[in-house]
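1. I would like the atomic coordinates for the input below:
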Amino acid sequence: MTGPATRPDQAASALAIQADALLSAAAFIEQAGMTGLTIAVADDQITILVSRTLTPAARITAVTALAAAIGAPAPVCTTIGTWTQISTHGTIGGHPAQISATIDPEGPAA
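-> Modelled structure (predicted):
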């Protein structure tokens, strides 16, 4: 066995935190009224990815609109070669959240 064993009450608490984060993310997405988003929750961290099926301009617009909806700072672009990620960090329902999209001129809907 590697590392300390997790007690049942610790596991239940971690699961409850993760479930609360997922419910908060789902409520936010429903309120935002956007479809085609991918939601992932790890521990209490929420990650929302904007679909690559949208045009690059639509992805930038979506990240910017979602950032405004959670009161996050303006999204930042990170570019490596021809690949760009636009992302921002804020909170949703008290949980840390990242909203992002990738833009690749060679990718879908470019």
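
2. how about residue 39, phi and psi?
-> phi -120, psi 130 (degrees, to the nearest 10).

3. which helices and strands does the longest helix belonging to the chain pack with?
-> Identified as the longest helix of the chain according to DSSP state H is helix 8-32. For helix 8-32, the packing partners by 3 or more CB pairs under 8 Å, 6 or more residues apart in numbering; DSSP states H and E come out as strand 38-42, strand 45-49, helix 56-69, strand 83-92, strand 95-103. All C-beta spots, glycine's among them, are computed from the backbone N, C-alpha and C.

4. Apply 6 Å and report the result again.
-> strand 38-42, strand 83-92 (3 or more CB pairs under 6 Å, 6 or more residues apart in numbering; DSSP states H and E).

5. which residues does the nearest residue to residue 67 once chain neighbours are set aside contact?
-> Nearest residue to residue 67 in three dimensions, chain neighbours excluded: residue 88, at 4.2 Å (CB to CB, 6 or more residues apart in numbering). Shown in contact with residue 88 (CB atoms under 6 Å, 6 or more residues apart in numbering): 67, 72, 73, 75, 99.

6. Okay, and the beta partners of residue 88?
-> Taking DSSP bridges as the rule, residue 88 bridges to residue 99.

7. in stretch 52-65, what counts as buried?
-> Using 16 or more other CB atoms under 10 Å as the test for burial, stretch 52-65 gives 52, 54, 56, 59, 60, 62, 63, 64.

8. Pipe the contacts of residue 88 into CSV and attach neighbour count per row.
-> Shown next, in CSV, are the contacts of residue 88 (neighbours: other CB atoms under 10 Å):
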residue, neighbour count
67, 22
72, 20
73, 10
75, 20
99, 27
